[in-house]
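> Structure of the sequence below:
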Amino acid sequence: MKSAVFVLILLCFMSMSCGSGPAANSNTAGGANAANNSGERRTVLVELFTSEGCPNCPPADKQLAFLETQQPVSGADVITLGYHVDYFNDRGWKDEYSDANYTKRQQLYAARLGAQSLYTPQMIVDGQTQFVGNNAAKANEVITRAISLASPQVTASSNGNTANVSVSGLGRHMTGTAVLAIAEDGLVSRPNTGSNRGKTLEHISVVRGLVPFGKVSEQAGEFQGSVQLPTSPAWKQANVRYIIYLQEDMSGRIIASGRVKPA
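Here you go, the predicted model:
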């Protein structure tokens, strides 16, 4: 069975085409459909798979920035992450923010969600629902649906170069992993070759790294852990944000997410 899944993913990889994704897939998270009546904003993790070599991606990049900066969905605290994949790098322009690990993450999502192929721009909400990333109406619809689900409480604060993380109120879930995501805002590129030649590409929430730092057992009702906050001279530290999320290993469902608050 594992061999069959690998072959399927490999075939999908070979058949990738920019902007020609499958029909929207409405695989929403299970669990209690409890309304968020507390008045607090529920965090929703929105991931975008994008590339500077994809001609249809700039509108999706702008949509991601809009979700992060404008927070258009009432009751939602939208946390955004932008993964730059590497499979457009042989088409005239190499995306300096791309990473093969982000392509692998997208491949894993394809296997989990039953996507027919890899495509960009692809947006995924809370690890469960995927759709074409420049579809603003679909994004609002899916995010609105996501905030109706029960949400754990996430507290993450920095103490020097360390983030201390506490998550309470975990509902039913499968075994998962706690991950720190490093995201940088305010990045600008001006390709002189490739599909976006001559354009100014502005990026927000560009993922600079992922750091797993703990396991969440199936029986756990809470999680506590700590993780070092990476830095790099290649990043403008003032524009760097640190995001925490807990994700089920098998399904990819985001169990909880939150922002690391500065000291």
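
> Buried residues, stretch 219-236. List them.
Under the neighbour-count criterion of 16 or more other CB atoms under 10 Å, stretch 219-236 has 220, 223, 225, 227, 229, 235 buried. C-beta here means a position set from N, CA and C on the backbone, and glycine is covered the same way.

> Would you verify that the second one is located in a helix?
It refers to Phe223. No: assigned with DSSP: H, G, I helix; E, B strand; the rest coil, Phe223 falls outside any helix and is strand.

> top strand in the protein by residue count?
strand 206-216 (DSSP state E).

> Please name every helix or strand in contact with that one.
Counting by 3 or more CB pairs under 8 Å, 6 or more residues apart in numbering; DSSP states H and E, the packing neighbours recorded for strand 206-216 are strand 76-84, strand 176-184, strand 222-228.

> could the ones you listed go into a markdown table alongside distance to Ala156 and mean pLDDT?
As requested, the helices and strands packed on strand 206-216 are exported to a markdown table (distance: least, CB to CB, whole Å; pLDDT from 0 to 100):
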| stretch | distance to Ala156 | mean pLDDT |
| --- | --- | --- |
| strand 76-84 | 11 | 98 |
| strand 176-184 | 9 | 98 |
| strand 222-228 | 9 | 98 |
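
> so which of those strands gets nearest Arg259?
strand 76-84 (6.4 Å; CB to CB).

> Taking their axis directions, the closest one and strand 206-216 sit at what angle?
Interaxial angle, strand 76-84 versus strand 206-216 (axes from the mean of the first three to the mean of the last three CA atoms, to 10 degrees): 110 degrees.

> Show the average pLDDT along the next helix-or-strand element following strand 76-84.
Scanning forward in sequence from strand 76-84 by DSSP states H and E, the next helix or strand is helix 100-113. If you average the pLDDT over helix 100-113, you get 97.

> Good, wrapping up.
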